[in-house]
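*Asks:* next input, structure requested:
(2 chains)
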Amino acid sequence: MHMRSSTQTPTRRSSSAAVAGMSIAALGVFLLAGICAPISASAAPAGCAALQAKYPDLKGKKLVNAINPHTPGYEAIDPKDPSKYVGFDIDLGEQIGECLGFTLTYKAVTFAALLTTLASGQADIVISDIYATEERAKAADFITYSKVFDGVLVAKGNPKKIDGINMSMCGAAAAENTGYVEVPLIQALMPQCKAAGKPEPTIQLYDNNANCIQAILAGRADTYINDVNTVDQAVKAYPDKLEKAIAVTIPYSVGIGVPKNKPEFRDAVMAALIEVQKAGIHMDLLKKWNLDVNNFEEPRILSVK
Amino acid sequence: MSLFVHYLSLPYLLEGIWFTVVVTALGLAGGLILGLVLAAMQLSRFWMLAAFARGYTVIFRGTPLILQMVFAYDALPHIGIKLSAIGAAGLALAANEAPFIAEMLRAGVLGIDRGQVSAGQALGMTPALLMRRIIAPQAIRMMIPAFGNETVSALKNSSLASVISVQELTLRSTQLASSTFDFFSIFFASGLIYLVLTTGVSVVQLLVERALDLDRPATQSRFARFMPWYRAPSLLQPISAEPSSAADTGLDAAVPHAESPKEAKASRADRTERSATLTQNDVVVDVNGLYKAYDKQVVLAGVELTVRVGEVVALLGPSGSGKSTLLRCINHLEGWDAGTVKIGGRRIGFREDGKPLSPRDMANERASVGVGMVFQQFNLFSHLTALENVAGPLRWVHGVSRPDADRRARELLERVGLSHRADALPRHLSGGQQQRVAIARAIAPNPSVLLLDEPTSALDPELVNEVLEVIRRLAVEDGLTMIIATHQLRFADEVADRVVFLSGGSIIEEGPAHEVLTNPRNPITARFLSVMEADKAPEKTA
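*Replies:* Have a look, this model is predicted:
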């Protein structure tokens, strides 16, 4: 009982802080939306009519978007209406759908199951802040749309002095999501640390963001490296307990996953994304969700045999 | 705390309960159906089915549910079976629950006393009927606690469906925690919801247990008790009924063999006459060269036995001499290696071409030929009242209507002096009373021959006479054909027409009861009889 009350009090305090933080953010979004209203409220960009004529099969379809809704800002349930998913990826997907004439429903799965769900046909598309790597491109084709900046989340004061995915992590415990690209990057440090006569870093694998953040709060892990926006959200929720040590660039791009055996669909999505970008919607969405506009990237297709 | 209450009443989480319950229900219902099939396969006579079921159990009990969920969701579509998320979760949970439920069912079925199964077979019940009327009702009662456990575990296991996108409670909780960062409030709330659900399961389990409790009064009186006009039943009636009915029949009080020597002599003269008539009667039981061995241990070494209508034959012999086995072979509760058994001229248990009958056909044949059997351990159906033990088989096997079956059962219970205990469960009856009910049950369908396998051996000495008296009256008053394996020499002398002495699986001596018992020719018989008499001596004086 004692433990329960002692854990609950700070939770409530910090979460009310989070709610306050969020309402400020919401206010900002509201103002931004007001400024951008003419653009984001407008109908699909001009080129979309031609695309709908070129890809008539997609028109009126209801497609399934597999997501791992644990990354506020990209995809998470709306705290005010938990029946809805909200975030940059959600908006971007719906814009692409609007352009091609299809609508999206969502299927929430673990991060590691995103591409399996796509490959098994249980989903048609994956727009869930997934980094397009060569390895993953064996399971799905990707249309990349965003650069990747990672943040290093640590406990307040950064007691282990971690400053990136480098030798400062030797001997540290890193919390990561199963299937995240950061996992092999940290694994690659192991032989280096060993060669330098230092203890190897350890990796704790969890199922979602919340668990990784809890691992640091509970003192089980020293760091959690993930997309910088996700790290910022965590710091905002627990400003007394967490901080962002540093932002690092990672040599990947974020991509939309589509089945390998549907090149026409892939090309349609790519073409729609170009239209959405040309109309300035992509940039507006980055601003709407308080994301760094430097993330913006022109689409490319990543496909391996 | 307010956040905790907020999440506890959040429609988003509460709706998640629905998915949790649906997945659990699918898993349990599917698991029950699959489990029934698996258990039936494992208990089957065909080894291929049993082996297949074993293999299934090894695989699905031996792999984690989470893998099975992912398999059903992500792998099955590759072979063209694309189930919805709930469907896949339900399928995986069902496939996973099935072996556990099958083991519960199997344990329940195997937990039923074999004696009751033998008794049901002897009454001519087919395997299906036995399962439905005798095994299942008792097994289900035994399985309820285990099934409650299984339901709770399935409910908790349904949370694994979160990995395949089923919007159940756990998935909704984690998503909510990710977007609000209110980790603990949310998980305390969802934990409490799970606790409420599992408590509900426990309550249902307890209610079902109470409802099926045989020792509880029937539903009607249970409700009636809360009514203002209800009066507790007078206890005087049942208590006063016992002594009066016992006095009426003179069973419990009277010592049955208080004949004077003169009467005994007279009856002996009668019996000589009787045996002369008996030899004219038709043959009911014809055992010919019956041979049976377990591995190299010979149990029956070519037994020949003929019993005529109305004849009472006492089978005597030391323990292990083959008496029980012989009786069990006569109504084909056991198989044998060579020889034939004919009842009323029919080879019981075999088709015209000599091939063995299926268990089902054998049951029907037993019912139509009519061989009643009374067991040493009574073997009453323990979930049925005394009345139902007698009336039930009449309805199920012989198609007698309920009023007729009840009337017949009441008549017979009255004859064995137990009309006042008609509604008692076997466990509330003394051994002697149970055996009297068992006799009533065995003679209810009017068998052409009654086999009694040491009917008094399991009884306390003071209860032996009440049972022997019932048997004596069946012989004397009804002229029922009987074969009795017994150690009661005096009883055999008084009731049996003929004594057959078995030793080491062979008949070593047989003849008119009084002659063999008083003047045995075979030294083994003589030694056995003198030992038995010596054992009896103190009892006689007592």
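*Asks:* tell me where the stretch 301-450 of chain B has helices.
*Replies:* Along the stretch 301-450 of chain B, counting by DSSP state H, counting those that start in this stretch, helices occupy B:323-330, B:359-369, B:386-398, B:402-415, B:431-443.
*Asks:* next, count neighbours for the residue of the stretch 151-300 of chain A found nearest chain B.
*Replies:* For the stretch 151-300 of chain A, the residue closest to chain B is A:A237, as judged by CB to the nearest CB, at 3.9 Å. C-beta coordinates here come from the backbone N, C-alpha and C atoms, glycine included. Neighbour count for A:A237, taken as other CB atoms under 10 Å in any protein chain shown: 22.
*Asks:* same check, this time on B:L212
*Replies:* 13.
*Asks:* can I get the helices of the stretch 301-450 of chain B in TSV including distance to B:L83?
*Replies:* Output for the helices of the stretch 301-450 of chain B, formatted as TSV (distance: least, CB to CB, whole Å):
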stretch	distance to B:L83
helix B:323-330	52
helix B:359-369	38
helix B:386-398	42
helix B:402-415	47
helix B:431-443	51
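*Asks:* go ahead and confirm the residue of the stretch 151-300 of chain A closest to chain B touches B:F181.
*Replies:* Yes - between A:A237 and B:F181 there is a contact under CB atoms under 8 Å: 3.9 Å.
*Asks:* which one is B:S202 nearest to, not counting chain neighbours?
*Replies:* Using CB to CB, 6 or more residues apart in numbering or on different chains and skipping residues adjacent in sequence, the residue nearest B:S202 is B:G148, 6.5 Å away.
*Asks:* restricting to C-alpha, output the helix or strand containing that neighbour in CSV.
*Replies:* B:G148 belongs to helix B:136-157 when assigned by DSSP states H and E. Extracted C-alpha coordinates of helix B:136-157, given in CSV (Å, rounded to 0.1, in the frame of the first residue of the first chain):
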residue,chain,number,x,y,z
ALA,B,136,-20.9,-37.0,-17.9
PRO,B,137,-23.2,-35.8,-15.0
GLN,B,138,-20.6,-36.9,-12.4
ALA,B,139,-17.6,-35.8,-14.4
ILE,B,140,-19.1,-32.3,-15.0
ARG,B,141,-19.6,-31.8,-11.3
MET,B,142,-15.9,-32.7,-10.7
MET,B,143,-14.7,-30.5,-13.5
ILE,B,144,-16.4,-27.2,-12.5
PRO,B,145,-13.6,-25.9,-10.3
ALA,B,146,-11.0,-26.8,-13.0
PHE,B,147,-13.2,-25.1,-15.6
GLY,B,148,-13.5,-22.0,-13.5
ASN,B,149,-9.7,-21.9,-13.3
GLU,B,150,-9.4,-22.4,-17.1
THR,B,151,-11.9,-19.5,-17.7
VAL,B,152,-9.9,-17.2,-15.5
SER,B,153,-6.7,-18.1,-17.2
ALA,B,154,-8.3,-17.7,-20.7
LEU,B,155,-9.6,-14.3,-19.7
LYS,B,156,-6.1,-13.2,-18.7
ASN,B,157,-4.5,-14.9,-21.7
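*Asks:* if we look at that helix, which residues are touching it?
*Replies:* B:20, B:24, B:27-28, B:31, B:65, B:93, B:96-97, B:100-101, B:104-105, B:107-109, B:111-112, B:116, B:194, B:197-198, B:201-202, B:204-205, B:208-209, B:212, B:214, B:382-383 (CB atoms under 8 Å, 6 or more residues apart in numbering or on different chains).
*Asks:* how much space between the residue nearest to B:S202 and B:L197?
*Replies:* Using CB to CB, to the nearest Å, we find B:G148 at a distance of 13 Å from B:L197.
*Asks:* now the one helix or strand B:F52 maps to: buried residues?
*Replies:* Using DSSP H and E, B:F52 maps to helix B:47-62. Within helix B:47-62, the residues that count as buried by 16 or more other CB atoms under 10 Å in any protein chain shown are B:49-50, B:53, B:56-57, B:60.
*Asks:* and B:V21, how many neighbours?
*Replies:* 16.
*Asks:* burial of the spatially closest residue to it that is not a sequence neighbour, as a residue count?
*Replies:* In space, and not counting its chain neighbours, B:V21 is closest to B:L197: 7.5 Å by CB to CB, 6+ apart. B:L197: 19 surrounding residues under other CB under 10 Å.
*Asks:* again with B:R366
*Replies:* 27.
*Asks:* any low-confidence regions in the stretch 1-150 of chain B?
*Replies:* Along the stretch 1-150 of chain B, the parts satisfying pLDDT under 70 run over B:1.
*Asks:* give me the residue from it nearest chain A.
*Replies:* Closest contact between the stretch 1-150 of chain B and chain A, by CB to the nearest CB, is at B:Y12 (3.5 Å).
*Asks:* show me the contacts for the residue lying closest to B:L129 once chain neighbours are set aside.
*Replies:* Leaving aside its chain neighbours, B:L129 sits nearest to B:W396 (5.6 Å; criterion: CB to CB, 6+ apart). Contact analysis of B:W396 by CB under 8 Å, 6+ apart lists B:125, B:129, B:133.
*Asks:* in helices, which of these fall?
*Replies:* B:L129 (DSSP state H).
*Asks:* okay, the contacts of B:W396 in CSV with neighbour count next?
*Replies:* Listed next are those as CSV, based on neighbours: other CB atoms under 10 Å in any protein chain shown:
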residue, neighbour count
B:M125, 25
B:L129, 18
B:R133, 21
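*Asks:* and which of the contacts of B:W396 is nearest to B:P461?
*Replies:* B:M125 (33.3 Å; CB to CB).
*Asks:* ok, A:T110 to B:M48 distance?
*Replies:* Distance of A:T110 to B:M48, given as CB to CB: 40 Å.
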